[in-house]
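Q: Turn this into a structure:
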Amino acid sequence: MHATPGFVGGAGDDLTMRTLPVFFEVIELLLKAGVTTVAEAAFQDHVWRPRLTPLLGLATVRIVHCRVDAEIAFDRILQRNADGARRAHDEPGPDDRADYLQRHRAFNRVDLGVPWIEVDTTSGYRPGIAEITAFAGSPYGRSTSR
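A: Here you go, the predicted structure:
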């Protein structure tokens, strides 16, 4: 993004379309090398499951679902956008609240049939970092019902 003057992120933009395959190629490379890897993104099921499923045989996969109220998420986005550092993302502006809230509430979390934990990020992390780390490092994990 920084190497592309005037770049404005948007759904399906050229930079995103070129970056996605690289994202998964890097994850695959790290996993094949035996490197413990954390891949972070807003993994919506219909978008990400087809790309993550081929990686399941390469690692013990755990999913950490972060959850926060849509209103809080929207306010955080506006705060992050204030410094312009996230211009690679198609982030909503102050006038996009209603649309964003609707999309946030309709978000369909990735489901790979592997253990997952839900973390409330409203104020800190619940459960805390120690429990999240223990969950991620466990060969068995624990599934948490939605």
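Q: hang on, isn't E118 packed against H65?
A: Yes - judged on Cβ atoms under 8 Å, E118 makes contact with H65 at a distance of 4.7 Å. C-beta here means a position set from N, CA and C on the backbone, and glycine is covered the same way.
Q: just the helices in this structure please.
A: Here the chain has its helices, by DSSP state H, at 14-32, 45-52, 70-81, 97-105, 129-137.
Q: Go through those and name the closest to V61.
A: Proximity to V61 (Cβ to Cβ) singles out helix 45-52 among the helices of the chain, at 7.8 Å.
Q: Give the other helices and strands that the closest one contacts.
A: Secondary-structure packing of helix 45-52 (3 or more Cβ pairs under 8 Å, 6 or more residues apart in numbering; DSSP states H and E): helix 14-32.
Q: List the buried residues of the helix it packs on.
A: By 16 or more other Cβ atoms under 10 Å, the buried positions in helix 14-32 come out as T16, I27, L30, L31.
Q: Run a quick neighbour tally on the closest residue to the last one other than its chain neighbours.
A: Setting aside the residues directly before and after it, L31 is nearest to L58 in space (Cβ to Cβ, 6 or more residues apart in numbering), at 4.0 Å. Using other Cβ atoms under 10 Å, the number of residues around L58 comes to 15.
Q: try D75
A: Count around D75 with other Cβ under 10 Å applied: 13.
Q: So L101 is in contact with F74, correct?
A: Yes - between L101 and F74 there is a contact under Cβ under 8 Å: 6.4 Å.
Q: Make CSV from the helices of the chain and add mean pLDDT and distance to L112 to it.
A: Putting these into CSV (pLDDT from 0 to 100; distance: least, Cβ to Cβ, whole Å) gives the following:
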stretch, mean pLDDT, distance to L112
helix 14-32, 89, 13
helix 45-52, 90, 6
helix 70-81, 89, 23
helix 97-105, 92, 22
helix 129-137, 92, 14
